[in-house]
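Visitor: sequence first, then the predicted structure:
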Amino acid sequence: MKGKAKLEPKKEIEEQKKYIEKVEEINKKEAPKYSILTMGCQQNENDSEKICGMIEQMGYEKATNQEEIDLAVINTCCVRENAEDRLFGKLGELKKLKEKRGTIVAIGGCMMQEKHITKKIKESYPFVDLIFGTHTLHRFPEDLFKVLEEKNKLTDILDIDGKVYEGLPIKRESKVKASVTIMNGCNNFCSYCIVPYVRGRERSRAPKDIILEVEDLAKQGYKEITLLGQNVNSYLRVERENNIPFEEYQGVHSFATLLEAINKIEGIERIRFVSPHPKDFTDDVIEAIANCKKVCKLVHLPLQAGSTKILKSMNRKYTKEDYLNLVQKMKNKIPNLTLSTDIIVGFPGETEEDLEETLDVVKKVKFEQVYMFIYSRRVGTPGDKMENQIPEEIKHKHFNRLKELVESQISENNQKYVGTIQEVLVEGVSKNNKNTLTGRTDSNKVVIFEGNINELINKVVKIKIVSEHMWYLKGEVVNG
Ligand code: 5AD
Ligand code: SF4
């Protein structure tokens, strides 16, 4: 089946709630078990929380071991190539489970918007029951019902959608931090990036829906909110520029005013956002970050490349100097500002000299954290059609040079923390050592320390940093 015609969002969600009840009815005798594997970014994690919300309302419980899974969901990402290998590896495993106990296998997310991928799944993994895309996530209950009732394989993918769906149930992973999507899609078409093709055009959620969601999260006790979108600082820009009507709520009509409104919500202590685009970093946003106490002073500002020539062919719409000037302006206006970034090495045409430009920016800005990626060709993007592709070994060489610089900077930067007192939001017991707790600083550094979980969880606690370990800091609770 191809994607069916669309209903108005409100009606569509009402319809889906009926399907949730229908599947719940089927599952009423014995709660079946489900698993979910999420690949990719925070946006995908947020989508998975919505999928889990729907699944649990339909009467499923999370499986505790592989053998008992009745419904296996994979939420895919396609930003880089390695996710494909991972998906096909996982499908190999699930085939055995399908043969053994008839597990329903459902795959959704960004990769399912790519035709060559769905074709491959249908040809090579015919046991997959349900394929759904990024624009049909809200129809999961109906799709699952049809698979259960009609025992048919189903594909429900729409190429594009301009709608925003509200009111889906959500099952959040953490009780301390929550992410809130503020916009979907992207209009930037950076030439390496597949996102605009799989997530569609930019569309913002209504201010009221976002504010009510954050107020509700505050009531539930959440302390940290991360605002999500492919291009958060152009929130409501498409609507403003094209005179598309939207309702202002509590004065919110832009990203800066949204930060200001959320800053006023009682109970929320920290606000983060990912990812902004340097070209949309207007002065009002800088001022809002500086003035809003709860907005963390770590800003993630994707650089992608330091060479103006490469930035131009990446279609990033800023030069090396623009980026450095923006950073300087932000440093002047926002006390205690720290920065993190994304960098791609090995984009077509990248020479030694271009790499040097990237290293130069890294040296000058002194990022708190750098997420480093090797360029990966994505079918259908302009980057993939460029002729001057870089050989893999050169890409790796460039990557290693960047990594060396970044690691030496991080370890130098970490030294600055030792001896200081940091405000840490306590998230829970540390994964690797059950006797210690873990939390994060305003600058998003992981801090490990000893303490009583029941007393400290979900609180902002003063911690004295005693040592640094590259990817985390160790500290002690400051009493009094
Ligand atoms: N190859 C490598 N990295 C990529 N990213 C996006 N597309 C690609 C690609 N084709 C990186 C960018 C982006 C981050 C989420 O992923 O740095 O900011
Ligand atoms: Fe991709 Fe660029 Fe849009 Fe980010 S801004 S999602 S990198 S096209």
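Guide: Great, that's in hand. Ligands and ions are numbered 1, 2, ... in the order given.
Visitor: tell me the bridge partners for the nearest residue in space to residue 229 that is not next to it in sequence.
Guide: Closest residue in space to residue 229, ignoring its immediate chain neighbours: residue 183 at 3.8 Å, by C-beta to C-beta, 6 or more residues apart in numbering. C-beta here means a position set from N, CA and C on the backbone, and glycine is covered the same way. In this entry, residue 183 is beta-bridged to residue 204, by DSSP bridges.
Visitor: what separation do you get for residue 183 and residue 239?
Guide: Between residue 183 and residue 239 the distance is 10 Å, computed by C-beta to C-beta, to the nearest Å.
Visitor: more crowded one of these two?
Guide: Using other C-beta atoms under 10 Å as the criterion, residue 183 and residue 239 rank with residue 183 on top: 24 against 16.
Visitor: so what's that one up against?
Guide: For residue 183, the contact set (C-beta atoms under 8 Å, 6 or more residues apart in numbering) comprises 202-205, 229-232, 234-235.
Visitor: on that earlier part again, overlap in contacts of residue 183 and residue 239?
Guide: Counting by C-beta under 8 Å, 6+ apart, the residues touching both residue 183 and residue 239 are residue 204.
Visitor: which parts of the stretch 201-350 of the chain sit against ligand 1?
Guide: Contact residues, the stretch 201-350 of the chain versus ligand 1 (C-beta under 6 Å from any ligand atom): 302, 304, 342, 344.
Visitor: tell me the SS of the last one?
Guide: Translated: residue 344. Classification of residue 344 by DSSP: H, G, I helix; E, B strand; the rest coil places it in strand.
Visitor: which residues does it form a beta bridge with?
Guide: In this entry, residue 344 is beta-bridged to residue 373, by DSSP bridges.
Visitor: relative to residue 392, how far out is it?
Guide: Distance from residue 344 to residue 392, by C-beta to C-beta: 14 Å.
Visitor: and if you look at the first one?
Guide: Residue 302 sits 24 Å away from residue 392 when distances are taken as C-beta to C-beta.
Visitor: repeat for the second one
Guide: Distance of residue 304 to residue 392, computed by C-beta to C-beta: 20 Å.
Visitor: neighbour-wise, which of those two wins?
Guide: residue 304 (22 against 10).
Visitor: phi and psi next, for that one.
Guide: The phi and psi values for residue 304, taken as degrees, to the nearest 10, are phi 70, psi -50.
Visitor: please apply the same query to residue 414.
Guide: Per degrees, to the nearest 10, the backbone of residue 414 is at phi -60, psi -30.
Visitor: does it touch residue 471 like I think?
Guide: No - using C-beta atoms under 8 Å, residue 414 is not in contact with residue 471; the gap is 9.2 Å.
Visitor: those two - which one has more neighbours?
Guide: More crowded of residue 414 and residue 471, by other C-beta under 10 Å: residue 414, with 19 against 10.
Visitor: contacting residues around that one?
Guide: By C-beta under 8 Å, 6+ apart, the contact set of residue 414 is 445, 468-470, 473.
Visitor: ditto for residue 344
Guide: 192, 304-305, 314, 373-375.
Visitor: swap the cut-off to 7 Å and go again
Guide: Residues in contact with residue 344, defined by C-beta atoms under 7 Å, 6 or more residues apart in numbering, are 192, 304-305, 373, 375.
Visitor: quick one: low-confidence parts of the chain?
Guide: 1-6, 480 (pLDDT under 70).
Visitor: which residues of it lie near ligand 2?
Guide: 186, 188-190, 193, 195-196, 230-231, 277.
Visitor: now, of those, which are buried?
Guide: Buried members of the residues of the chain next to ligand 2, counted by 16 or more other C-beta atoms under 10 Å: 186, 188, 190, 193, 195-196, 230-231, 277.
Visitor: could you list the domains of the protein?
Guide: Split into domains by automatic domain parsing, the chain comes to 9-156, 174-296, 306-415, 421-477.
Visitor: quick revisit: residue 427: which of the residues of the chain next to ligand 2 is nearest?
Guide: Using C-beta to C-beta, residue 230 comes nearest to residue 427 of the residues of the chain next to ligand 2, at 25.7 Å.
Visitor: secondary structure element for the closest residue to the closest one other than its chain neighbours, which one?
Guide: Leaving aside its sequence neighbours, residue 230 sits nearest to residue 186 (C-beta to C-beta, 6+ apart; 3.9 Å). Using DSSP states H and E, residue 186 sits in no helix or strand.
Visitor: next one: residue 271
Guide: Element membership for residue 271, per DSSP H and E: strand 270-274.
Visitor: can you list the buried residues in that strand?
Guide: Residues of strand 270-274 classed as buried: 270-274 (neighbour count, 16+ other C-beta under 10 Å).
Visitor: from the stretch 351-480 of the chain, which residue is nearest to ligand 2?
Guide: Closest contact between the stretch 351-480 of the chain and ligand 2, by C-beta to the nearest ligand atom, is at residue 381 (9.0 Å).
Visitor: how far away is that residue from residue 193?
Guide: Computed as C-beta to C-beta, the residue 381 to residue 193 distance reads 6 Å.
Visitor: contacting residues around the closest residue to ligand 2 within the stretch 201-350 of the chain?
Guide: Among the residues of the stretch 201-350 of the chain, residue 230 lies closest to ligand 2, at 4.0 Å counting by C-beta to the nearest ligand atom. Taking C-beta under 7 Å, 6+ apart as the contact definition, residue 230 lies against 185-186, 195, 199.
Visitor: from these, pick the one nearest residue 169.
Guide: Of all those, residue 169 sits closest to residue 199, with 21.7 Å by C-beta to C-beta.
Visitor: can you show me the helices along the stretch 1-150 of the chain?
Guide: 9-26, 42-57, 82-101, 115-124, 140-150 (DSSP state H, counting those that start in this stretch).
Visitor: dump the ones you listed into JSON lines; add mean neighbour count and distance to ligand 1 as well.
Guide: As requested, these are exported to JSON lines (neighbours: other C-beta atoms under 10 Å; distance: least, C-beta to the nearest ligand atom, whole Å):
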{"stretch": "helix 9-26", "mean neighbour count": "16", "distance to ligand 1": "27"}
{"stretch": "helix 42-57", "mean neighbour count": "20", "distance to ligand 1": "10"}
{"stretch": "helix 82-101", "mean neighbour count": "15", "distance to ligand 1": "10"}
{"stretch": "helix 115-124", "mean neighbour count": "13", "distance to ligand 1": "15"}
{"stretch": "helix 140-150", "mean neighbour count": "20", "distance to ligand 1": "25"}
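Visitor: output the ones you listed in JSON lines; the columns should cover distance to residue 286.
Guide: What follows is the helices of the stretch 1-150 of the chain, written out as JSON lines (distance: least, C-beta to C-beta, whole Å):
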{"stretch": "helix 9-26", "distance to residue 286": "34"}
{"stretch": "helix 42-57", "distance to residue 286": "23"}
{"stretch": "helix 82-101", "distance to residue 286": "34"}
{"stretch": "helix 115-124", "distance to residue 286": "40"}
{"stretch": "helix 140-150", "distance to residue 286": "39"}
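Visitor: quick check: the residue of the stretch 351-480 of the chain closest to ligand 2 touching residue 192?
Guide: Yes - between residue 381 and residue 192 there is a contact at 6.2 Å, judged by C-beta atoms under 7 Å.
Visitor: more neighbours, those two?
Guide: Shown here are residue 381 and residue 192; by other C-beta under 10 Å, residue 192 has more neighbours (25 against 18).
Visitor: for that one, phi and psi?
Guide: Main-chain torsions, residue 192, degrees, to the nearest 10: phi -90, psi -10.
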